[in-house]
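[1] Return atomic coordinates for the entry below.
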Amino acid sequence: MKSGLPQNDPESAIKAWRKAFPILFLPVRGKRLAYLDNGATTQKPSTVIESLERYYGETNANVHRGVHDLSERATAAYEQARAGMADFIGASAPEEIIFTRGTTEAINLVAWSYGELLNPGDEVLISALEHHSNIVPWQMLRDRRGITLKVVPITREGDINPDDFSSALSEKTALVALAHVSNALGTVNPIADMIAQAHAQGAVVLIDGAQAVAHMPVEVQKLDCDFYAFSGHKMYGPTGIGVLYGKSSLLERMPPWQGGGDMIRTVEFERSTYAPPPYKFEAGTPHIAGAIGMGKAAEYIRQVGFAPIMEHETILLDYALQQLQSLEFIRLIGTPQVRSSAISFIVTDVHPHDVGTILDHHGVAIRAGHHCAMPVMQFYQVPATVRASFALYNNHEDVDQLIDSLQQVREMFG
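    Numbers count the residues shown, from 1 in each chain. The predicted model follows:
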């Protein structure tokens with residue numbers, strides 16, 4: 001299936017994409033489902049679902065340890081998925097891909113492993129846009145190792161001011177950790193320039209790519225980031241699986257962060273020696289089926305193609321913004337210069353949780369809350385927002401259903 005977005009008939013391409021996701025055709029509360037909570041998790045295409053069933057039904061065995069046929073097949077599929085993920089983000093070798101439980105674990109891995117190489121007084125720089133998973137691990141590192149945590153503020157529009165970022169960097173900056181795309185506001189940060197500036201000060205850079213990899217091409221070697229973290233479930237893959245990309249030179253220096261089976265070379269009671277990366281960081285039995293499913297999700301995205309995905313999502317995002325701005329009772333939260341696939345807003349005098357509950361009764365799935373970005377909510381002085389986030393299978397009908405349902409919210413609350 002090669003799915004482009006032909007200029008003469010874009011609707012047929014979108015219909016073909018939607019057919020790949022069986023859950024989209026299940027009614028919710030007797031209504032058509034308009035799934036607009038993709039920033040939290042995306043739905044899964046049949047190819048991903050079938051890969052999980054096929055693994056458990058035909059290949060199930062542990063990896064790297066067995067000499068029997070099933071184990072060899074499982075190992076081959078697992079390592080093929082690793083090679084596929086390296087290709088997906090443009091890593092130089094599969095050995096730079098570490099499978100984790102998701103973005104959160106990937107960032108924690110860096111904080112607990114690379115963090116051991118930092119010294120008291122070293123500075124870790126983050127932004128006020130970050131998800132909790134790119135805040136809390138650095139606070140824990142601060143408390144454990146005595147590093148200094150600095151935060152770059154954001155503008156009212158929801159952007160990181162370039163001058164503020166530049167002035168926050170110094171020779172003390174040891175590590176910079178930034179979101180590629182904000183999960184709360186959809187802000188797309190100019191990370192290529194930010195990485196270059198950080199490197200000029202001698203800092204290592206980690207990018208949280210959870211909200212980026214399903215929406216835009218990522219080439220880690222071109223970006224020159226040192227670490228890049230992302231999750232399978234936000235890119236049409238299974239839950240409980242993710243990737244940490246790390247430059248080989250850094251992974252070689254870093255100590256393991258968990259001990260156990262499969263991450264060792266030798267074990268004696270006096271001491272142990274460790275396997276080379278990436279296995280040094282993959283203690284215990286991994287989520288084999290999840291890695292295979294994540295590899296299939298990457299294949300699906302590449303099959304559709306980033307050019308049509310980006311074109312379609314841009315058109316849909318512009319349409320949604322236009323429709324929301326036409327409602328006098330809607331206040332947008334954040335108007336970043338470059339936005340990707342998420343819009344946060346509030347309904348005047350109605351709590352976001354009430355909005356979310358009413359929308360659900362109309363078949364519209366959105367996210368209401370602080371989106372694991374409480375500092376962003378505090379900055380805008382709101383307890384929570386309503387967030388509509390888009391994926392390649394969303395269409396204008398989903399947006400219209402959202403707008404009609406918001407009109408119902410306004411009528412109910414007068």
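
[2] tell me the contacts of the residue nearest to the spatial centre of the chain?
    Closest residue to the average C-alpha location of the chain: residue 210 at 1.2 Å, with CA atoms, centre = their mean. Going by CB atoms under 8 Å, 6 or more residues apart in numbering, residue 210 touches 102-103, 131, 179, 183, 229-231, 234. Yep, even glycine has a C-beta here, placed from its N, CA and C like the rest.

[3] can we see that at 10 Å?
    Residues counted as contacts of residue 210 (CB atoms under 10 Å, 6 or more residues apart in numbering) are 39, 102-104, 106-107, 131, 133-134, 179-181, 183, 229-231, 233-235, 242.

[4] quick one: pLDDT of residue 4?
    Note on residue 4: pLDDT of 50.

[5] one step back: I'd like the distance between the residue nearest to the centre of the chain and residue 314.
    20 Å (CB to CB, to the nearest Å).

[6] Tell me, how many residues neighbour the closest residue to residue 161 other than its chain neighbours?
    In space, and not counting its chain neighbours, residue 161 is closest to residue 155: 5.6 Å by CB to CB, 6 or more residues apart in numbering. The number of residues packed near residue 155 is 16, by other CB atoms under 10 Å.

[7] Does residue 194 touch residue 178 like I think?
    Yes. Contact criterion CB atoms under 10 Å: residue 194 and residue 178 qualify, at 6.3 Å.

[8] intersection of neighbour lists for these two?
    Joint contacts of residue 194 and residue 178 (CB under 10 Å, 6+ apart) are 125, 127, 152, 160, 165, 205, 207, 225.

[9] and those residues, which two are the farthest apart?
    Greatest spacing in these, by CB to CB: 152 and 225 (17.0 Å).

[10] Which one of these two is surrounded by more residues?
    residue 225 (29 against 21).

[11] For that one, give me its contacts.
    89, 176, 178, 180, 191-192, 194-195, 198-199, 204-207, 209, 218-219, 245-247.

[12] re the thing from before, which of the contacts of residue 210 fall in helices?
    103-104, 106-107 (DSSP state H).

[13] Can you lay out the residues you listed as JSON lines showing pLDDT and neighbour count?
    What follows is the ones in helices among the contacts of residue 210, written out as JSON lines (pLDDT from 0 to 100; neighbours: other CB atoms under 10 Å):
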{"residue": "103", "pLDDT": "98", "neighbour count": "28"}
{"residue": "104", "pLDDT": "98", "neighbour count": "21"}
{"residue": "106", "pLDDT": "98", "neighbour count": "29"}
{"residue": "107", "pLDDT": "98", "neighbour count": "27"}
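
[14] Need those residues in JSON lines (columns: distance to residue 16).
    As requested, these are exported to JSON lines (distance: CB to CB, whole Å):
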{"residue": "103", "distance to residue 16": "30"}
{"residue": "104", "distance to residue 16": "33"}
{"residue": "106", "distance to residue 16": "33"}
{"residue": "107", "distance to residue 16": "36"}
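
[15] ok, those vs residue 318, which is closest?
    residue 103 (27.6 Å).

[16] was I right about residue 328 contacting residue 407?
    No. Using CB under 10 Å, residue 328 is not in contact with residue 407, being 11.4 Å away.

[17] the more surrounded of the two?
    Using other CB under 10 Å, the more surrounded residue of residue 328 and residue 407 is residue 407, with 13 against 8.

[18] Would you check that the more buried one makes contact with residue 329?
    Yes. With contact defined as CB under 10 Å, residue 407 counts as touching residue 329 (9.2 Å).

[19] show me the contacts for the residue nearest to residue 375 when sequence neighbours are not counted.
    Spatial nearest neighbour of residue 375, excluding adjacent residues (CB to CB, 6+ apart): residue 128 at 5.6 Å. By CB under 10 Å, 6+ apart, the contact list for residue 128 reads 135, 151-155, 158, 160, 164, 182, 373, 375-376, 378-379.

[20] and residue 128, backbone torsions?
    phi -80, psi 0 (degrees, to the nearest 10).

[21] now do residue 276
    Dihedral angles (degrees, to the nearest 10) for residue 276: phi -70, psi 160.

[22] That one: what's it in contact with?
    95, 248, 251-252, 265.

[23] any chance of these in CSV, plus pLDDT?
    Listed next are the contacts of residue 276 as CSV, based on pLDDT from 0 to 100:
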residue, pLDDT
95, 98
248, 98
251, 98
252, 97
265, 94
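
[24] which one of the contacts of residue 128 sits closest to residue 16?
    residue 182 (30.5 Å).

[25] That closest one is in contact with residue 209, isn't it?
    No. Using CB under 10 Å, residue 182 is not in contact with residue 209; the gap is 12.0 Å.

[26] what about the closest residue to residue 338 other than its chain neighbours, distance to residue 108?
    Among residues not flanking residue 338 along the chain, residue 188 sits closest, at 4.2 Å (CB to CB, 6+ apart). Relative to residue 108, residue 188 is positioned 25 Å away (CB to CB).

[27] do the same with residue 349
    Taking CB to CB, one finds residue 349 at 40 Å from residue 108.

[28] Now do the buried residues in the helix-or-strand element of the chain with minimal mean pLDDT.
    Least confident helix or strand, the chain: helix 10-19 with a mean of 89, by mean pLDDT, DSSP states H and E. Counting neighbours by 16 or more other CB atoms under 10 Å, one finds that the buried residues in helix 10-19 are 10, 13-14, 17-18.

[29] do the same with stretch 385-403
    Buried residues in stretch 385-403, counted by 16+ other CB under 10 Å: 385-395, 398-399, 401-403.
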